[in-house]
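Student: Next one to model:
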Amino acid sequence: MMDANLNRLREGLRVLEDLARFTFQERALAEEARAFRHQVAWSREPEQAECLVHRDVAGDWGKDYRSLPYPSLKELVLANSRRVQEAARVLEELARLTLPEREELFRKVRFWAYAAEKKLYSLATGEERRQRCWRWRLYVIVGSEHTGGREVPAVVRAAIAGGAEVIQLREKKLSTRALYSLARQLREITGEAGVDLIINDRVDVALAVGADGVHLGSEDLPLPEARRVIGDKLILGATAHSLEEALEAQAAGADYLGVGPVFPTATKPELKPGGLKLLREVASQVSLPVVAIGGITAENVREVLAQPGVKCVAVIRAVATAPDVKEAAARLKQAMEGMGS
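Tutor: Residues are numbered from 1 along each chain as shown. A predicted model of the protein is given here:
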C-alpha cells in the first residue's frame with residue numbers, strides 16, 4: 001500500500017506540475033508541485049528501499065485496470081488532483097502506524113492538492129472558453145436599431161443561415177423585461193442552431209436566459225466582478241480601443257477582445273478608427289482571441305484577416321441592415337475563405 005500510493009502520489013504531482021508549467025504557465029504552482037514531489041521521493045532512504053523489496057508488479061491485478069478517455073482538459077485536472085488527494089490520504093493514515101514523522105508532510109500535500117484542484121480547474125475552464133472563441137469567424141451583432149425595421153429574431157435566423165457562428169444581442173433602449181423576452185427568443189434560436197449567444201452589457205440578462213457569454217465595455221461592470229457573478233462557464237468579452245485597454249482587459253480576465261473600430265463606422269461615429277495598425281499591435285501583445293470590429297465589409301474583410309492573430313470579425317451594418325441578411329452573411333464568409341487561419 002505504501003509503495004503503490006507513493007507511486008500514485010508522485011505521478012499525480014508530476015502531471016499537475018507539468019500542466020501548471022506548460023499548459024497554464026503558472027510558475028508558482030508548478031514549483032510547489034515539484035517541491036512536494038521531491039519531498040516524497042525517498043529515493044535514498046530505507047523506507048523506499050523496503051517498499052521496493054515488497055513491490056509485486058506481476059502479481060498486482062491493479063495493472064489490468066483501464067481508465068476511460070478524458071473528455072476535456074478539466075477532467076484531466078480533476079483526475080490527477082484527486083489522485084494526489086487520495087494517495088496523500090492513504091499515506092497519511094499509514095504514516096500514523098509506521099512513520100508518524102511523515103504524517104504532517106502527507107497532510108500538507110493533501111490540502112495543497114485541494115487548493116491546486118480549484119485553481120487548475122478554473123484555468124482549464126478558461127482555456128476551454130478561449131478555445132471556443134478561437135473557433136469563431138463571423139460574429140454578428142444585432143439590435144432593433146439596426147435591422148431595417150425587421151424583427152430581430154428573423155434577422156438572427158437569416159444571419160445564422162448565412163454562416164454566423166456567434167450572435168451578440170445589443171439593445172440600449174429596451175426595458176429589462178422586453179430585453180429578457182427578446183434574449184429568450186434568441187437563446188432558443190441559437191441553441192437549436194448550435195451558435196453562441198452573447199449578451200451586450202447585461203450580466204443579469206445573460207445569466208437569466210442561459211446565454212453563452214456577456215460582452216462588456218469600459219463603462220460596464222468591471223471584468224473581475226463580472227467573472228465572480230457569472231462563474232467559470234460563461235464567456236466574458238471586453239471592448240478595447242487601444243493596446244492599453246486590451247492589456248488591462250486580458251489581465252482582468254477577459255476571454256476575448258473586441259478591438260476597434262478598425263475603419264470609420266456609422267454605429268459609433270464619435271470613435272476615431274484605430275486602423276489595421278491597432279489590430280496588429282493588440283494581436284501581437286495579447287494571447288486572447290481578437291475580434292476585429294468597426295466598418296468591416298465583404299470588400300475589406302480580407303485585409304483585416306491578413307493581420308497575424310486575427311481570425312474573427314464582428315459586423316452590424318454589413319449583415320443586420322443588409323436587404324438580404326442571409327446573402328450578406330454568406331458573402332462575407334465567402335470573402336473570408338482561406339484568411340486568418
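Student: need the strands for the stretch 1-150 of the chain, in chain order.
Tutor: Assigned strands in the stretch 1-150 of the chain, in chain order: 138-142 (criterion: DSSP state E, counting those that start in this stretch).
Student: And the helices in it?
Tutor: Assigned by DSSP state H, counting those that start in this stretch, the stretch 1-150 of the chain shows helices spanning 2-18, 27-39, 46-53, 73-98, 103-134.
Student: Out of those, flag the one nearest Val290.
Tutor: In terms of C-beta to C-beta, the element of the helices of the stretch 1-150 of the chain nearest to Val290 is helix 103-134, at 9.6 Å. Every C-beta, even on glycine, is put in place using the N, C-alpha and C of the backbone.
Student: now Leu332, nearest residue through space, not along the chain?
Tutor: Ala298 (5.0 Å; C-beta to C-beta, 6 or more residues apart in numbering).
Student: meant to ask about Arg8, not that
Tutor: Of all residues not flanking Arg8 in the chain, Ala87 sits nearest, at 4.1 Å (C-beta to C-beta, 6+ apart).
Student: residues in contact with the one you found?
Tutor: Ala87 is in contact with Asn5, Leu6, Arg8, Leu9, Gly12, counting by C-beta atoms under 8 Å, 6 or more residues apart in numbering.
Student: Now tabulate the helices of the stretch 1-150 of the chain in a markdown table and tack on distance to Ala292 and mean pLDDT.
Tutor: Listed next are these as a markdown table, based on distance: least, C-beta to C-beta, whole Å; pLDDT from 0 to 100:
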| stretch | distance to Ala292 | mean pLDDT |
| --- | --- | --- |
| helix 2-18 | 35 | 95 |
| helix 27-39 | 32 | 96 |
| helix 46-53 | 57 | 72 |
| helix 73-98 | 28 | 96 |
| helix 103-134 | 13 | 96 |
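Student: ok so, going back, you'd agree the residue nearest to Leu332 is up against Ala335?
Tutor: Yes: the criterion here is C-beta atoms under 8 Å, and Ala298 meets it with Ala335 at 4.5 Å.
Student: looking at the protein, which helix or strand does the model trust least?
Tutor: Across the helices and strands of the chain, mean pLDDT, DSSP states H and E gives its lowest value to helix 46-53, namely a mean of 72.
Student: related to what we said a few turns ago, out of the helices of the stretch 1-150 of the chain, which gets nearest to Asp201?
Tutor: Judging those by C-beta to C-beta, what sits closest to Asp201 is helix 103-134, at 18.5 Å.
Student: hmm, back to that, can you tell me which of the contacts of Ala87 is closest to Tyr256?
Tutor: The closest of the contacts of Ala87, once distances to Tyr256 are taken by C-beta to C-beta, is Gly12, at 32.5 Å.
Student: if I look at the closest one, how far off is Ala314?
Tutor: 42 Å (C-beta to C-beta, to the nearest Å).
Student: which residue sits closest to the spatially most central residue of the chain, ignoring its sequence neighbours?
Tutor: Nearest to the mean C-alpha position of the chain, counting by C-alpha atoms, centre = their mean, stands Arg129 at 2.3 Å. Residue nearest to Arg129 in three dimensions, not counting chain neighbours: Asp255, with 4.7 Å by C-beta to C-beta, 6+ apart.
Student: Now the one you found. Its backbone dihedrals?
Tutor: For Asp255, the backbone dihedrals are phi -100, psi -30 (criterion: degrees, to the nearest 10).
Student: burial count for it?
Tutor: Taking other C-beta atoms under 10 Å as the criterion, the count of residues near Asp255 is 25.
Student: surely it meets Glu128?
Tutor: No: between Asp255 and Glu128 there is no contact under C-beta under 8 Å: 9.8 Å.
Student: residues contacting Ile199?
Tutor: Residues near Ile199 by C-beta under 8 Å, 6+ apart: Gln168, Leu169, Ala183, Val205, Ala206, Val209, Ala211, Gly213, Val214, His215.
Student: you'd agree Glu270 is in a strand?
Tutor: No: using DSSP: H, G, I helix; E, B strand; the rest coil, the secondary structure at Glu270 is coil, not a strand.
Student: any idea how far Ile167 is from it?
Tutor: For Glu270, the distance to Ile167 - C-beta to C-beta - is 25 Å.
Student: between these two, which one's more packed in?
Tutor: Taking neighbours as other C-beta under 10 Å, Glu270 and Ile167 compare with Ile167 leading, 29 against 4.
Student: Next, count neighbours for the nearest residue to Lys108 once chain neighbours are set aside.
Tutor: Using C-beta to C-beta, 6+ apart and skipping the chain neighbours, the partner closest in space to Lys108 is Phe36 (7.7 Å). Number of residues near Phe36 (other C-beta under 10 Å) recorded here: 24.
Student: does Phe36 really touch Ala116, like I thought?
Tutor: No: checked against C-beta under 8 Å, the pair Phe36 and Ala116 is beyond contact range at 9.8 Å.
Student: residues shared between the contacts of those two?
Tutor: With C-beta under 8 Å, 6+ apart, Phe36 and Ala116 have no common neighbours.
Student: Contacts only, for Gln185.
Tutor: By C-beta under 8 Å, 6+ apart, the contact list for Gln185 reads Val152, Pro153.
Student: Leu197 versus that one, what's the distance?
Tutor: Gln185 sits at a distance of 10 Å from Leu197 (criterion: C-beta to C-beta).
Student: got it, and Ala249?
Tutor: With distances taken as C-beta to C-beta, Ala249 is found 21 Å from Leu197.
Student: Great, nothing more from me.
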